[in-house]
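Student: Based on what follows, work out the 3D shape:
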Amino acid sequence: MSRVGKYPVVVPSGVTVSVAGGEVSVKGKLGATSLKLVDEVEASLDGNELWVKPRAETKRARMMWGTTRALLNNMVKGVSDGFTVNLEINGVGYRAAVQGKNLQLQLGFSHDVIFPIPEDVAIRCDKPTAIAITGKDRQRVGQIAAEIRAFRGPEPYKGKGVKYETETILRKEGKKK
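Tutor: Have a look, this model is predicted:
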């Protein structure tokens, strides 16, 4: 039995959920999003709670039960509050700045790295060494953060590079004489 799927998704005020024809649509203050349900599960709205149930007792139905509930919970949370991933830049001369619709990164290369900001996410640089990525889709926000981090990931000797704010870098000792 799914430990995640057996709990309902609580729909906060200001968010409208509609279930029709195997598709769940969610609208909130940050926008609207929808999810097409797989055949193994069904969703129903009961007051301000969204329930997900498996249609059969197969292994795939039990797997998709918890997955679908988690996806719906992320959709509801995304359109009401949104998701944020914070990145830190460490290193002498390493910095970032938002210029128009591009994120300009100086990461120790001979050229600046220009990252075009997608329409569905917002990127802020409050400090030259801090990047905040915000959006309504959890997967999309995490993917953009991973792409920016991949330009220059943190290295273990001096800790230089782009890292998640909550990430801990295991440091290595340098070579000895």
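Student: where do the strands sit along this protein?
Tutor: 9-10, 16-20, 23-28, 31-36, 41-46, 49-54, 83-90, 95-99, 102-106, 113-116, 121-127, 130-135, 161-164 (DSSP state E).
Student: Could you export the third one as CSV, CA atoms only?
Tutor: Once non-C-alpha atoms are left out, strand 23-28 reads as follows in CSV (Å, rounded to 0.1, in the frame of the first residue of the first chain):
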residue,chain,number,x,y,z
GLU,A,23,-7.2,15.2,-16.6
VAL,A,24,-6.7,17.3,-13.5
SER,A,25,-6.5,21.1,-14.0
VAL,A,26,-5.2,23.4,-11.2
LYS,A,27,-5.5,27.2,-11.3
GLY,A,28,-4.0,29.6,-8.7
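Student: what sits up against that strand?
Tutor: 14-18, 32-37, 43, 50, 72, 75-76, 78-80, 136 (CB atoms under 8 Å, 6 or more residues apart in numbering). Glycine gets a C-beta too; all of them are placed from N, C-alpha and C.
Student: Look up which residues are beta-bridged to the closest residue to Thr16 other than its chain neighbours.
Tutor: Among residues not flanking Thr16 along the chain, Lys27 sits closest, at 4.9 Å (CB to CB, 6 or more residues apart in numbering). Assessed by DSSP bridges, Lys27 has beta-bridge partners Thr16, Ala32.
Student: what about Lys27, distance to Ser80?
Tutor: 10 Å (CB to CB, to the nearest Å).
Student: Quick check: the gap between Val41 and Lys29.
Tutor: 28 Å.
Student: of the two, who's got more company?
Tutor: More crowded of Val41 and Lys29, by other CB atoms under 10 Å: Val41, with 23 against 11.
Student: Check which helices and strands the longest helix seen in the chain is in contact with.
Tutor: Longest helix of the chain, by residue count under DSSP state H: helix 59-80. Contacts defined by 3 or more CB pairs under 8 Å, 6 or more residues apart in numbering; DSSP states H and E place helix 59-80 against strand 9-10, strand 23-28, strand 31-36, strand 41-46, strand 49-54, helix 138-151.
Student: Make TSV out of these and add mean pLDDT and distance to Leu105.
Tutor: Listed next are those as TSV, based on pLDDT from 0 to 100; distance: least, CB to CB, whole Å:
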stretch	mean pLDDT	distance to Leu105
strand 9-10	92	37
strand 23-28	93	32
strand 31-36	93	27
strand 41-46	91	41
strand 49-54	92	40
helix 138-151	95	6
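Student: Let me have the ones you listed in a markdown table, extended by distance to Gly159.
Tutor: Below are these laid out as a markdown table (distance: least, CB to CB, whole Å):
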| stretch | distance to Gly159 |
| --- | --- |
| strand 9-10 | 40 |
| strand 23-28 | 39 |
| strand 31-36 | 37 |
| strand 41-46 | 44 |
| strand 49-54 | 43 |
| helix 138-151 | 14 |
